[in-house]
Structure formats: C-alpha cells, structure tokens
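>>> pasting the structure only:
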C-alpha cells in the first residue's frame, strides 16, 4: 500500500521549511500570496491531503457555504437569490466567488477553502470528475446544473432530456420539419441535450446528416456563439437563394438571444421565417422585446435541494462519529417545463 504523503514530503518538494508549508496550507498570514499559491498547487498535484476534517472539527464552526459561478452566465447569476435564501433558512451564510477573466474556477474554490467555507456549491462546473473527487476528499461539494458522474460528489441537475424532447415535439406539432440544434460547449449537459435531439430526429425517421442544412451546429454558452452560428446559416445558399432551417433549438437563452439579434440585423423575421427555442428561462427571456419560447429550469427547487443536500453532507462531515467514514453521493433530477412565448 502506498504510504500517505506528509507535510514533510511537500516541504522537500517545494524547497521550503515545514513551518512555511504549514502556514501556506492553513491560510494563516506569514507567506506571500504568490508563494502560498505555489505551495498549495504543488501539494495538490502531489496528492497531499491534509486531514481538513479533523482540523476543522477542532476549530469554531463558521457555518459558511461557498458558491462558485460563471459571471457571464445570466442563469447562474439568477440562481444566487434562491441559494442565499435557502442557505439562511438552514442557518448558514453564503459566500459567492465568481469566475471571470483570469480568475478560474480552481482559484475560486481555493479562495473559498481559505475562507473556511464548510461546503461548496459549484454551478455549471467545467472541472473534471477526477479533479472534483480530489477536492471532495477534504471539502463537501455539490454540483448544480451539471452532471459529473462521480460516486463522491453530489449533483442536482435539471431533466435536460425532457426539456429538449418537449421542445422538439412542440415544433414538430407546429408543422416544422427542418429543425436544427445549436449545441453548447463540451460539457455533460451539452452532450445530453445533443444526444436527445439526435434521438428525436431518429424517432421521426430522420438523421442528423439528412437535411438541406446541417442538423447540429457547434455553438456555445454565450450570445456571440449564437450569432456566429447565425452567420453560418445566413451564408447557406442553394441555386442562388438563401437556405435556412425552419426552426432552431439553442443550448441556452444567451445563445438564442445572440442568434436572434443577428437574424434581426439581417432582416429575418422570427418566428415567421425561423422559429427559435432557448433553454433556462432566464429573466430576460420574458421581457416584452424578447418573449423567448424556452425550457424553464426550476431555480427554486434546484437551489433548495442543493442547499439541503450540501448541509446534510456538512453536518455528516463535522460529526466526530463519522470521522473517516465515506459519504455516499447521489444525483437528484429536477423536472423542466416548456414555456411557450412568441419566438416559436
């Protein structure tokens, strides 16, 4: 059996004294931020895991829950209010850390751990299951709106497959046949939505390759991604005439907004010439100048379930009788609903 790494091993690796490494890993003042980050990253990469559970049990409880989110994502921002409310109901305070610019998701997690957050919510995480499992060894985690497929990290997710299938069926019932999908980034929920769209095509005897245009476009999560795909579609010409699909199911509302704005700029009428469906039901989707048909994710239920489950994990973590015991993670799925407005 491989021997457990010690703080002495880390000190040798980084060329520092044991006391310096101890200060850096504990978050106490005494080393520069740059040196602290170097030592923490080296320790993590080596696989060193301090017994944070035992250390925290000896300290006064903070009752802090951290939440990491991407600041350019409107839906993730809209999750903050219910998360704050449900955390307060459970007797906890929420500390938010936003990913923006050079501030990565890993940076946010490290910051929250230094602030002695007792558990962390990750909204739409882009980190691998392997990386998350390493963090979960020392801090209770839960992912929100993103499947991770881990036995040690809880997840609360929306039923993406149901939302996409309902969108497709609605468009089909409206008489649309040339339906395409703008997928998201290479994340689990984007893969689930694309796979569901392909299954919807197959159920109608269609294939993703059989169309006057492509059936699936590589998009992303932001308005610019939707606008870029709109440009691709606008350039599709056959016999001197523009050839467009009749309906589009976008990865999310932001992508749909970028797509629609670009179409409007080119004089394309929505939904008369092309129908558009989003996903999330962000606050802007219901604005009078947008009125986007979209799939609603139940923010209240997602937040309440995530906070409840994380608090249960935190309390398990701090119970001395559970020291050394394994937490059994579960994935909880929340229903989605198609909201019909004026774009489809």
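Nice, I can see it. Remember, predicted model here, so these are calculated numbers, not experimental data.
>>> going by C-alpha atoms from here, please, whenever you check contacts or count neighbours.
Will do.
>>> quick one, phi/psi of residue 124?
phi 60, psi 40 (degrees, to the nearest 10).
>>> burial measure for the residue lying closest to residue 344 once chain neighbours are set aside, as a count.
Once flanking residues are discounted, residue 344 sits nearest to residue 275: 4.7 Å by C-alpha to C-alpha, 6 or more residues apart in numbering. As a burial measure, residue 275 scores 22 neighbours (other C-alpha atoms under 10 Å).
>>> pLDDT at residue 275, what is it?
We note a pLDDT of 98 for residue 275 in this prediction.
>>> dump the residue contacts of it.
Residue 275 makes contact with 246, 247, 248, 343, 344 under the criterion C-alpha atoms under 8 Å, 6 or more residues apart in numbering.
>>> show me where the stretch 51-200 of the chain dips below the pLDDT cut-off.
Across the stretch 51-200 of the chain, the ranges flagged by pLDDT under 70 are 51-59.
>>> what is the distance between stretch 268-277 and the centre of its chain?
Averaged C-alpha coordinates place stretch 268-277 at 28 Å from its chain's average position (C-alpha atoms, centre = their mean, to the nearest Å).
>>> now do the buried residues in that stretch.
By 16 or more other C-alpha atoms under 10 Å, the buried positions in stretch 268-277 come out as 270, 274, 275, 276, 277.
>>> do stretch 81-99 as well
For stretch 81-99, by 16+ other C-alpha under 10 Å, it's 82-87, 92-94, 96-99.
>>> same thing with stretch 326-339?
327, 329, 330, 331, 332, 333, 334, 335, 336, 337, 338, 339.
>>> can you give me the distance of the residue nearest to residue 344 to residue 206?
Note on residue 275: its distance to residue 206, by C-alpha to C-alpha, to the nearest Å, is 19 Å.
>>> ok so, going back, from the buried residues of stretch 268-277, pick the one nearest residue 12.
Nearest to residue 12 out of the buried residues of stretch 268-277 is residue 277 (C-alpha to C-alpha; 56.5 Å).
>>> neighbours of the residue nearest to residue 333 when sequence neighbours are not counted, just the number please.
Nearest residue to residue 333, sequence neighbours excluded (C-alpha to C-alpha, 6+ apart): residue 157, at 5.0 Å. With neighbours defined by other C-alpha under 10 Å, the count for residue 157 comes to 24.
>>> now the helices for this protein?
With DSSP state H as the definition, the chain shows helices at residue ranges 7-14, 18-26, 33-46, 52-58, 74-78, 80-89, 105-114, 129-136, 160-173, 188-203, 223-234, 253-265, 299-318.
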